[in-house]
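Asker: Here is the input, now give the coordinates:
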Amino acid sequence: MQFNAIRNIILHTHFKIIKFVDGDGLFVENIFDKEEIEVRFYGIDAPEIKKCRKLYQDERETQLPGSLLIQLGAKSLQFIRELVTIGTSCTLIQEKGNETDVYGRMLAYVILPNGDCLNEILIKEGFAKPYNKIYCQELGKYQEFNLLAKQNKKGLYSLVDKF
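Answerer: I've put the predicted structure just below:
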C-alpha cells in the first residue's frame with residue numbers, strides 16, 4: 001500500500017495484534033504502555049459472526065439468511081486467523097479528520113511487518129467487501145479489487161454472489 005505524501009495521515013507504530021473481533025476488526029496493544037485499542041478496518045466490511053442489528057440490516061440488503069451470513073463471517077475471520085497470528089507486529093495508519101467510528105473504535109489501515117495492508121488483502125482475496133458508509137481515501141481502489149475478486153470467484157464469492 002502506498003500513500004500519497006500530501007495526504008494527512010497519522011502513523012502509529014509499535015503495536016501488536018492481541019485479539020481478533022471478526023473479519024473487519026481486531027484489538028491491538030501498544031508494546032510500550034500495554035494500552036489496548038479496538039481497531040475497525042478502513043474501507044471494508046465483512047459479514048457479521050453473531051446476531052446483531054447489523055446482521056439484520058445485512059439480511060435485508062442482501063436477501064440472504066442471517067445463518068448463512070454468520071457462516072460467511074466465520075470464514076472471513078478464519079482467513080484472518082490463518083494469515084496473521086496473535087502477537088504479530090503491526091503499524092496503524094489513520095486518515096486525519098476520520099479517526100474513529102460512531103462506536104469509538106479506531107479506524108485504521110493495518111500494515112503487517114512485510115508492508116502488506118491487511119485491509120487490502122481481505123478485499124483482494126474476497127473475504128470482505130468495500131464499505132462506503134465511512135469515508136476512506138482508498139475506497140475507489142477497494143471497489144476495483146472487489147470487482148476482480150467477484151469476477152474470479154475468490155474467497156466468499158466462491159460461495160455466494162453477494163454478502
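
Asker: The helix or strand that contains E38 - which strands sit beside it in the sheet, and in what orientation?
Answerer: Secondary structure from DSSP states H and E places E38 in strand 36-41. Based on DSSP bridges, the strands next to strand 36-41 in the sheet, each with its direction, are strand 25-30 (antiparallel), strand 106-111 (parallel).

Asker: just those: most buried one?
Answerer: For the strands paired with strand 36-41, ranked by mean neighbour count under the definition mean count of other Cβ atoms under 10 Å, the leader is strand 106-111 at a mean of 23. For every residue, glycine as well, the C-beta is placed using N, CA and C.

Asker: Do a quick rundown of the helices in this structure.
Answerer: Counting by DSSP state H, residue ranges of the helices within the chain are 53-62, 66-83, 118-124, 139-151.

Asker: What are the contacting residues of the third one?
Answerer: Right, the one you point to is helix 118-124. Defining contact as Cβ atoms under 8 Å, 6 or more residues apart in numbering, one finds that helix 118-124 is touched by 1, 23-24, 41-44, 46, 76, 79-80, 83-84, 90, 109-112, 128-130, 138, 141-142, 145-146, 148-149, 154.

Asker: how about 6 Å then?
Answerer: 1, 41-44, 109-110, 128, 142, 145-146 (Cβ atoms under 6 Å, 6 or more residues apart in numbering).

Asker: give the contact list for D22.
Answerer: Residues near D22 by Cβ under 6 Å, 6+ apart: 49, 77.

Asker: confidence score at it?
Answerer: The score at D22 is 97. That number is its pLDDT.

Asker: Check the spacing between it and I80 real quick.
Answerer: Applying Cβ to Cβ, to the nearest Å, the value for D22 to I80 is 9 Å.

Asker: Quick check on the closest residue to L72 other than its chain neighbours: phi, psi?
Answerer: Leaving out its chain neighbours, the residue that sits closest to L72 by Cβ to Cβ, 6 or more residues apart in numbering is P47, at 4.3 Å. Backbone torsions for P47, taken as degrees, to the nearest 10, come to phi -60, psi 150.
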